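Asks: got a predicted model here, sequence first, then my questions.
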Amino acid sequence: MSTSIQDVARAANVSISTVSRSFTRPELVSKATREKVLRIAEELNFSTSRSAVALKTGRALRIALLVSDHLRLWFSASVIEGLNQVLHAEGYDLSIFQISSIEERKEFFEMLPVRRNADAVIVVSFDIDSQEIAQLNSIHVPIIGINSVLPQERGFSASVNIDDEQGSILAARHLIALGHRDIAYVRSNRDVSLHFSVQQRFDSFIECCSHAGISPHVIVAEESANRIAEVVTQLLSLEHMPTAIACQEDGIAIPLIFQLMRGGFSVPGQLSVIGYDNSTYASDIGLTTIAQDPVHMARKAAEMTLALIDGETPEQLYVTEPARLVVRSSTGPAAPRA
């Protein structure tokens, strides 16, 4: 039989409300009484009911997390890890919603105000429109963005973003400084209605190259099991192979290097490759990349979320983390044309 709050109260010779306060409002109970209640509760293997705590505080003790990418990918998994490190310690659970289309996003926001089943919403890598912001604001739910597009202008309560513009400029300038003029950019094919944040990476890279008189070849990596092989096919179908390839993310760059080397190309002898993320295995294979730290960003977002739930205002609501170029062995001087 499980131990009830009545059992603890009886053993500690205190009221049921005193047991409840010892867990939920410890400042209202004397130190000696609280220590006795907690000791007896531990001896009896008693645990507080989350629903009871939620009822008492008026909170769901749940954070809704909206992600627009596969949960197994490095960035999404890192964000979840960082959020959980902070939120779990404070008694909050994460409810994860993978949003793949604008229809799924619309359904989520239509149902959330009715259910009132989250104390805050964290949005990863895409933005939400003014109507959806209004739905949340009407029930006073903070909205926190991680790598979300124009978070302040679009009505987010707070955000933590990597400086994608700076990161892409660093990548472009690195290749240009190495003498590369024939450059390809490999990007994914996202649903533009979700305004996935990597669009800014692409725009900034192309603009920086344009200022140097360079027009990169744009290669789209469609979502499929053979997408990297298809990227190689597109590269080989160009009039001539570029001397450098910039990739939207390491998840494209790392397998692409293996495919190119398997096809007889030398990296960086014939082709320089640069990624974006500094993800798992980037260092192991010597990938030059733009570094970001999603675990750190998520921890900061979680701390801001808790502050907003408590009615506090963080010192800085809209944080932009600087990007960093990490030069390794996958990039080198442009090979002379034969």
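Replies: Everything's here; your move.

Asks: which stretches of the stretch 51-200 of the chain form helices?
Replies: In the stretch 51-200 of the chain, the helices defined using DSSP state H, counting those that start in this stretch lie at 74-87, 102-115, 130-137, 164-177, 198-211.

Asks: now render the ones you listed as JSON lines, adding mean neighbour count.
Replies: C-beta coordinates here come from the backbone N, C-alpha and C atoms, glycine included. Shown next, in JSON lines, are the helices of the stretch 51-200 of the chain (neighbours: other Cβ atoms under 10 Å):
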{"stretch": "helix 74-87", "mean neighbour count": "20"}
{"stretch": "helix 102-115", "mean neighbour count": "14"}
{"stretch": "helix 130-137", "mean neighbour count": "15"}
{"stretch": "helix 164-177", "mean neighbour count": "21"}
{"stretch": "helix 198-211", "mean neighbour count": "18"}
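
Asks: in JSON lines, list these along with mean pLDDT and distance to residue 282.
Replies: Shown next, in JSON lines, are the helices of the stretch 51-200 of the chain (pLDDT from 0 to 100; distance: least, Cβ to Cβ, whole Å):
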{"stretch": "helix 74-87", "mean pLDDT": "95", "distance to residue 282": "9"}
{"stretch": "helix 102-115", "mean pLDDT": "74", "distance to residue 282": "31"}
{"stretch": "helix 130-137", "mean pLDDT": "76", "distance to residue 282": "35"}
{"stretch": "helix 164-177", "mean pLDDT": "97", "distance to residue 282": "13"}
{"stretch": "helix 198-211", "mean pLDDT": "94", "distance to residue 282": "16"}
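
Asks: closest one to residue 255 among the ones you listed?
Replies: Nearest of the helices of the stretch 51-200 of the chain to residue 255, taken as Cβ to Cβ: helix 74-87 at 12.8 Å.

Asks: the closest one packs against which elements?
Replies: The helices and strands touching helix 74-87, judged by 3 or more Cβ pairs under 8 Å, 6 or more residues apart in numbering; DSSP states H and E, are strand 62-67, strand 93-98, strand 120-124, helix 294-309.

Asks: circling back to that earlier point, in TSV: the helices of the stretch 51-200 of the chain, plus distance to residue 29.
Replies: What follows is the helices of the stretch 51-200 of the chain, written out as TSV (distance: least, Cβ to Cβ, whole Å):
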stretch	distance to residue 29
helix 74-87	26
helix 102-115	33
helix 130-137	36
helix 164-177	50
helix 198-211	51
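
Asks: which one of those helices lies closest to residue 316?
Replies: Proximity to residue 316 (Cβ to Cβ) singles out helix 74-87 among those, at 16.8 Å.

Asks: tell me which of the helices of the stretch 51-200 of the chain sits nearest to residue 244.
Replies: Smallest distance to residue 244 across the helices of the stretch 51-200 of the chain (Cβ to Cβ): 4.7 Å, for helix 164-177.

Asks: contacts for the closest one?
Replies: The contact list for helix 164-177 (Cβ atoms under 8 Å, 6 or more residues apart in numbering) reads 147, 183, 197-198, 200-205, 208-209, 212, 214, 244, 246, 272, 274, 276, 288, 290, 292, 322-325, 327, 331.

Asks: quick revisit: please identify the most buried of the helices and strands packed on helix 74-87.
Replies: Comparing the helices and strands packed on helix 74-87 by mean neighbour count (mean count of other Cβ atoms under 10 Å), strand 120-124 ranks first with a mean of 26.
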